[in-house]
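Trainee: Provided below for reference: sequence and predicted model.
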Amino acid sequence: MIIDGKGLSNQLDSGMKAEVKALRAAGIEPKLVVIIVGHDPASQIYVRNKHRKAIKLGITSIIERRPEDFSQADLLALIEQYNQDESVHGILVQLPLPKQIDESAVIRAIDLKKDVDGFSPENVGKLFSNSDEHYSVSCTPKGIMTMLTHYDIDPADKHAVIVGDSNIVGRPMGALLLNAGATVTYTHILTQDLSSYTRTADILIVATGVAHLIKATDIKPGATVIDVGMNRDENGKLVGDVDYDHAKTVAGAITPVPGGVGPMTITSLMQQTLELTKLANRKILETVR
């Protein structure tokens, strides 16, 4: 089974469009601000795609572009400007940032109520404690959970193996799966005999940035394989961290690259923008109801 993230993203668009239309009818304009510093090519593509999706759904999208040598102090001042702007519901600072800027300081500077990426220590803490409060979640893992739900792949009582321990994908992904009842194993760059772990996975999530790291022989027959990787091969073709052509003969379900996880990451960002918009305007919405 091919897990079609692009198709699912398009399906979810209609519901989000209707949600935006209802918010605007109530006098509420969902607004997302994306700040990008520097000229990283991949970041430029991500920001462009996020902007296009927001516009398609009717969400107001503001892109703040700053040069490579932009200072940390100026970036923090820009973030604070939007923290204080009540018309803005989501703030996202595109990572990675230039070396002169402390990413953790930038993440902490974003108002918790506008942390649409789910990277703040408070939101991460709520995720790992499985809090029943509202909290934003890193968008790629959130999108993966949406795909698993849509394709009736229940993590409960399954063994999930995460390859890659980044704060953006690997760590929050494992927490979400643990919260959903899975038994979770984390692996990373220092893990010895990686294949001995991946071959035991009912659900295998791969997020390393190493093209074709996972081969068909590394996969348990019938497993669900989620490939988060986005790499260019020697011919410039976009490929994942999984050797897709061979892996799909072994896996029970698998995401392609492109067209798998990527579109659902952006969809999750839009969903969380709308969630934060509704939270910020709950009193207005209660009177409308």
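Mentor: Perfect, thanks for sending it.
Trainee: State the phi and psi torsions of Lys248.
Mentor: For Lys248, the backbone dihedrals (degrees, to the nearest 10) come out as phi -70, psi -20.
Trainee: Contacts only, for the residue lying closest to it once chain neighbours are set aside.
Mentor: Leaving out its chain neighbours, the residue that sits closest to Lys248 by C-beta to C-beta, 6 or more residues apart in numbering is Ile254, at 5.2 Å. Any C-beta I mention is one placed from the backbone N, CA and C, and that applies to glycine too. Ile254 is in contact with Met1, Ile2, Ile3, Thr224, Val225, Ile226, Asp227, Val242, Tyr244, Ala247, Lys248, counting by C-beta atoms under 8 Å, 6 or more residues apart in numbering.
Trainee: What is the nearest of those residues to Asp115?
Mentor: Asp115 lies nearest to Ile226 out of the contacts of Ile254, by C-beta to C-beta, at 24.3 Å.
Trainee: ok, which stretches of the stretch 1-150 of the chain are strands?
Mentor: In the stretch 1-150 of the chain, the strands defined using DSSP state E, counting those that start in this stretch lie at 31-37, 60-66, 90-93.
Trainee: Would you format those as JSON lines with distance to Arg199 and mean neighbour count included?
Mentor: Supplementary listing: the strands of the stretch 1-150 of the chain in JSON lines, determined by distance: least, C-beta to C-beta, whole Å; neighbours: other C-beta atoms under 10 Å:
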{"stretch": "strand 31-37", "distance to Arg199": "40", "mean neighbour count": "23"}
{"stretch": "strand 60-66", "distance to Arg199": "43", "mean neighbour count": "16"}
{"stretch": "strand 90-93", "distance to Arg199": "37", "mean neighbour count": "26"}
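Trainee: Quick check: which of those is nearest to Leu190?
Mentor: It is, among those and with distance given as C-beta to C-beta, strand 90-93, at 29.0 Å.
Trainee: Other residues contacting that closest one?
Mentor: Taking C-beta under 8 Å, 6+ apart as the rule, strand 90-93 contacts 31-37, 50, 75, 79, 82-83, 106-107, 110-111, 114-117, 269, 272-273, 276-277.
Trainee: ok, now stretch 80-88?
Mentor: Glu29, Lys31, Leu32, Val33, Ile62, Ile91, Ala109, Ile110, Asp111, Lys114, Ala280.
Trainee: Can you find the helix or strand of this structure with the lowest average pLDDT?
Mentor: Ranked by mean pLDDT, DSSP states H and E, the weakest helix or strand in the chain is helix 282-288, scoring a mean of 87.
Trainee: can you map out the strands along the stretch 151-289 of the chain?
Mentor: Using DSSP E, counting those that start in this stretch, strands in the stretch 151-289 of the chain cover 159-163, 183-187, 203-206, 224-227, 231-232, 238-239, 253-254.
Trainee: Of these, which is nearest Leu95?
Mentor: Of all the strands of the stretch 151-289 of the chain, strand 231-232 comes closest under C-beta to C-beta, at 17.6 Å.
Trainee: helices and strands around that closest one, which ones?
Mentor: strand 238-239 (3 or more C-beta pairs under 8 Å, 6 or more residues apart in numbering; DSSP states H and E).
Trainee: So what are the sheet partners of the strand it packs on and their directions?
Mentor: Strand pairing for strand 238-239, using DSSP bridges, gives strand 231-232 (antiparallel).
Trainee: quick one: average pLDDT of the strand it pairs with?
Mentor: Strand 231-232 shows an average pLDDT of 90 in the prediction.
Trainee: mind giving me CSV with the strands of the stretch 1-150 of the chain and columns for distance to Leu285?
Mentor: Output for the strands of the stretch 1-150 of the chain, formatted as CSV (distance: least, C-beta to C-beta, whole Å):
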stretch, distance to Leu285
strand 31-37, 16
strand 60-66, 18
strand 90-93, 17
